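K.L.:
only the shape, not the letters, is given here:
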């Protein structure tokens, strides 16, 4: 598939915002470890800002942006419509959390609503792709797990950075504990991604040229791509990159999304350092952008059996 940059930006920024809001709500459920001033002056505005930026980026993916509101009308059957509904709902809940935090009295039910809405948005976004059964790379529970873990890890690193910049640690949670939790999330995400890559490498198309054309007999060899001048099919369902580029992007993902942030975060466990946390987040975001690009690029649409590259 050909990756759309607007969707890459949306899933990266929205996922990070969800991770930030998720852990803010989680840590605030049973106690008050986070000061209201931190929530109103830094954490909640940044979370809301990331959601807004992601929403704006997603609009550029639409052919007719003025008709974007119609995408919510199919909520009974479409995960995209459900995502369109849940995202503004999450933004409204975040605004309510900001209002109550400003009054220094956020009710428990609001933290629960924020926690649940972030998870529902992850589910809706992942199910948009997971429900496409004929794309084997996506049609698997690991798609949803990957979305959630990437959002959690990036959002947690962002939370750790904001707390370091604010200068006031959470009550009962040390800076070293935050680094350990961030490292664990990255480690789990890395192992899941390696498993996904191994799984995708072993996938075989359900259809073949013989089954598609109904031709029986000797193995069929294709010598033409079908439309030599190009068409919608050849533009939208191919990433148009060489195998060498794909291999290099995988290395960027491995290093930037996982390995380098893990090394930097590990170094802050015994010696907290705001600069290293900021650097790990910056590198992680670069890796996430590459990972989102690869998520779309490695999805093989069945029609590519016909519109394939011919050497």
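P.N.:
Good, I have the coordinates. All values derive from a computational prediction rather than experimental measurement. Numbering: from 1, shown residues only.
K.L.:
you'd agree residue 14 is up against residue 126?
P.N.:
No - under the criterion of Cβ atoms under 8 Å, residue 14 makes no contact with residue 126, lying 11.8 Å away. Yep, even glycine has a C-beta here, placed from its N, CA and C like the rest.
K.L.:
let me see the contact set for residue 285.
P.N.:
Residues near residue 285 by Cβ atoms under 8 Å, 6 or more residues apart in numbering: 12, 16, 154.
K.L.:
now name the helix or strand holding it.
P.N.:
Assigned by DSSP states H and E, residue 285 falls within helix 274-297.
K.L.:
cool, and residue 188?
P.N.:
helix 175-201.
K.L.:
next secondary structure after the worst-scoring helix or strand of the chain on mean pLDDT?
P.N.:
Here the helix or strand of the chain ranked lowest by mean pLDDT, DSSP states H and E is helix 232-236, holding a mean of 67. Counting by DSSP H and E, the next helix or strand C-terminal to helix 232-236 is helix 243-252.
K.L.:
quick one: mean pLDDT for the helix holding residue 188?
P.N.:
Across helix 175-201, pLDDT averages out at 94.
K.L.:
quick one: residue 126 and residue 148 touch, right?
P.N.:
Yes - using Cβ under 8 Å as the test, residue 126 is close enough to residue 148 to be in contact (7.4 Å).
K.L.:
where does pLDDT dip in the stretch 201-311 of the chain?
P.N.:
212-213, 217, 222-237, 305-311 (pLDDT under 70).
K.L.:
if we go to 80?
P.N.:
205-243, 300-311 (pLDDT under 80).
K.L.:
where does residue 71 land on pLDDT?
P.N.:
71.
K.L.:
quick check: it touching residue 85?
P.N.:
No - in terms of Cβ under 8 Å, residue 71 does not count as a neighbour of residue 85; the distance is 9.4 Å.
K.L.:
that older thread, now the helix holding residue 285: buried residues?
P.N.:
Neighbour-count burial for helix 274-297 flags 276-278, 280-281, 283-297 (criterion: 16 or more other Cβ atoms under 10 Å).
K.L.:
would you mark the buried spots in stretch 127-139?
P.N.:
Counting neighbours by 16+ other Cβ under 10 Å, stretch 127-139 gives 127-130, 135-138 as buried.
K.L.:
contact partners of that stretch?
P.N.:
So stretch 127-139 is in contact with 1, 79-80, 83, 140-141, 143-144, 200, 203, 205-206, 295, 298-302, going by Cβ under 8 Å, 6+ apart.
K.L.:
the same query, at a cut-off of 7 Å, please.
P.N.:
Around stretch 127-139, the neighbours that count as contacts under Cβ atoms under 7 Å, 6 or more residues apart in numbering are 79-80, 83, 143-144, 200, 203, 298-302.
K.L.:
just stretch 76-83 next, same as before
P.N.:
Contacts to stretch 76-83, defined as Cβ under 7 Å, 6+ apart, come from residues 71-75, 121, 124-125, 127-128, 131.
K.L.:
related to what we said a few turns ago, and the furthest pair within the contacts of stretch 127-139?
P.N.:
83 and 203 (26.2 Å; Cβ to Cβ).
K.L.:
what about the two, which has more around it?
P.N.:
Per other Cβ atoms under 10 Å, whichever of residue 83 and residue 203 has more neighbours is residue 83, with 23 against 12.
K.L.:
next, that one: secondary structure please.
P.N.:
helix (DSSP: H, G, I helix; E, B strand; the rest coil).
K.L.:
what sits closest to residue 216 if chain neighbours are left out?
P.N.:
residue 210 (6.7 Å; Cβ to Cβ, 6 or more residues apart in numbering).
K.L.:
so the one you found is in which element?
P.N.:
Going by DSSP H and E, residue 210 is in helix 209-213.
K.L.:
same thing with residue 272?
P.N.:
Using DSSP H and E, residue 272 sits within no helix or strand.
K.L.:
neighbours of the residue lying closest to it once chain neighbours are set aside, how many?
P.N.:
Excluding its sequence neighbours, the residue lying closest to residue 272 (Cβ to Cβ, 6+ apart) is residue 175, at 4.3 Å. By other Cβ under 10 Å, 19 other residues sit near residue 175.
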